[in-house]
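Asker: model this:
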Amino acid sequence: MLAFGYRREAMDKRYPELHDKLMDRWSRGNLHQGRQFCRDGIIDPIRWEAADRKILLLLKEAYDCDDLCLTIRDEWQGPRYNIWWTASYWLYALRKCTGTFFPTFPKSDSEFKQCSEYLLSAAAVNVKKSDGASASSNEDLAKYVKEDHQLIQEQINLIQPDIVLCGYTFEYYKDIMGSNTSPIGQAGYIHSANGRIIFDWWHPAQKYPNEIWYYALCAAIIDAKLFA
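Answerer: Numbers count the residues shown, from 1 in each chain. Okay, the predicted model is just below:
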């Protein structure tokens with residue numbers, strides 16, 4: 001059960017059609033014409049709908065990709081490369097940790113399989129969807145957020161996540177959604193807005209050992225007494 005009595009509605013059955021139309025309209029915008037546009041969103045709608053905690057990863061930008069969801073779901077069939085394994089570990093913590101249960105860092109094959117399933121059950125949204133690069137410029141990202149904020153807001157509203165894990169994008173989330181957030185707990189990493197839980201977290205491309213941020217995330221969840 002999520003905190004604060006939040007209950008989401010069932011996913012709109014028109015999601016695939018509505019989301020495809022949004023991506024088509026988005027890709028035709030002046031900012032994206034003539035550039036490689038990377039679609040994103042719910043990675044696997046069937047797994048998403050079955051998930052008890054519906055989590056959206058709000059990231060910066062993707063590159064060398066036409067459709068991030070297809071790439072993760074059909075080509076990779078789960079996480080690949082350090083960034084996506086790191087994200088999957090954080091999703092493992094968000095799916096298994098409670099206010100009283102502290103799951104240890106995944107190390108077994110069965111736990112890695114769960115990490116993979118949790119990534120496939122999530123949604124991934126980049127604030128910058130075209131002309132991506134391996135390194136992000138804050139000024140460049142801010143330009144895309146300013147130009148596309150209504151489209152990003154529409155996409156998040158279509159996805160209806162219970163939880164948003166911001167990968168160093170929390171300030172962009174506040175700009176996009178236009179909502180005041182309230183802190184939860186003492187750590188300063190977790191907030192709420194309109195019944196949704198938002199994590200102000202690091203980007204999964206960070207270079208520190210995975211266990212450090214994994215246990216920090218679990219500690220923040222326990223401090224905030226989430227998912228009791």
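
Asker: who touches the residue most central in space within the chain in this structure?
Answerer: Centroid check for the chain by C-alpha atoms, centre = their mean gives residue 57 as the closest residue, at 0.7 Å. The neighbourhood of residue 57, defined by C-beta atoms under 8 Å, 6 or more residues apart in numbering, consists of 87, 91, 122-125, 165, 167, 204. The C-beta positions use only the backbone N, C-alpha and C, and glycine is treated the same way.

Asker: Helix, strand, or coil at it?
Answerer: strand (DSSP: H, G, I helix; E, B strand; the rest coil).

Asker: Does the spatially closest residue to it that is not a sequence neighbour have any beta-bridge partners, and if so which?
Answerer: The spatial neighbour of residue 57 that comes closest, neighbours along the chain excluded (C-beta to C-beta, 6 or more residues apart in numbering), is residue 124 at 4.7 Å. Counting by DSSP bridges, residue 124 is bridged to residue 41, residue 57.

Asker: Just to check, residue 124 is in contact with residue 67?
Answerer: No. Contact criterion C-beta atoms under 8 Å: residue 124 and residue 67 do not qualify, at 11.2 Å.

Asker: anything in contact with each of those two?
Answerer: residue 40.

Asker: Pick out whichever of these two has more residues nearby.
Answerer: residue 124 (22 against 17; other C-beta atoms under 10 Å).

Asker: how about the closest residue to residue 85 other than its chain neighbours, secondary structure?
Answerer: Using C-beta to C-beta, 6+ apart and skipping the chain neighbours, the partner closest in space to residue 85 is residue 79 (4.7 Å). Following three-state DSSP, the label given to residue 79 is coil.

Asker: again, but for residue 192
Answerer: Assignment for residue 192 (three-state DSSP): strand.

Asker: those strands in this structure, which residues are they?
Answerer: According to DSSP state E, the chain carries its strands in the segments 41-42, 55-61, 123-128, 163-167, 182-184, 190-193, 196-201.

Asker: Touching the first one from outside, list them.
Answerer: In other words, strand 41-42. With C-beta under 8 Å, 6+ apart, strand 41-42 has contacts from 15, 19, 23, 48, 69, 123-125, 155, 158-159.

Asker: tell me the two of those that are most distant?
Answerer: 23 and 48 (16.7 Å; C-beta to C-beta).

Asker: between the two, which one's more packed in?
Answerer: residue 48 (22 against 19).

Asker: Just confirm the more buried one contacts residue 56, I think it does.
Answerer: No. Residue 48 lies out of contact with residue 56 (C-beta under 8 Å); the separation is 9.8 Å.

Asker: Need the overlap of contacts for those two.
Answerer: In contact with both residue 48 and residue 56: 122-123, using C-beta under 8 Å, 6+ apart.

Asker: Could you pull out the buried residues of stretch 150-165?
Answerer: 151-156, 158-165 (16 or more other C-beta atoms under 10 Å).

Asker: now stretch 129-139
Answerer: Per 16+ other C-beta under 10 Å, stretch 129-139 contains these buried residues: 129-132, 136.

Asker: residues near residue 62, how many?
Answerer: Residue 62, neighbours per other C-beta under 10 Å, totals 23.

Asker: Which other helices and strands does the longest helix seen in the chain contact?
Answerer: If you go by DSSP state H, the chain has its longest helix at helix 138-159. Contact analysis of helix 138-159 by 3 or more C-beta pairs under 8 Å, 6 or more residues apart in numbering; DSSP states H and E lists helix 15-27, strand 41-42, strand 55-61, strand 123-128, helix 170-177 as its packing neighbours.
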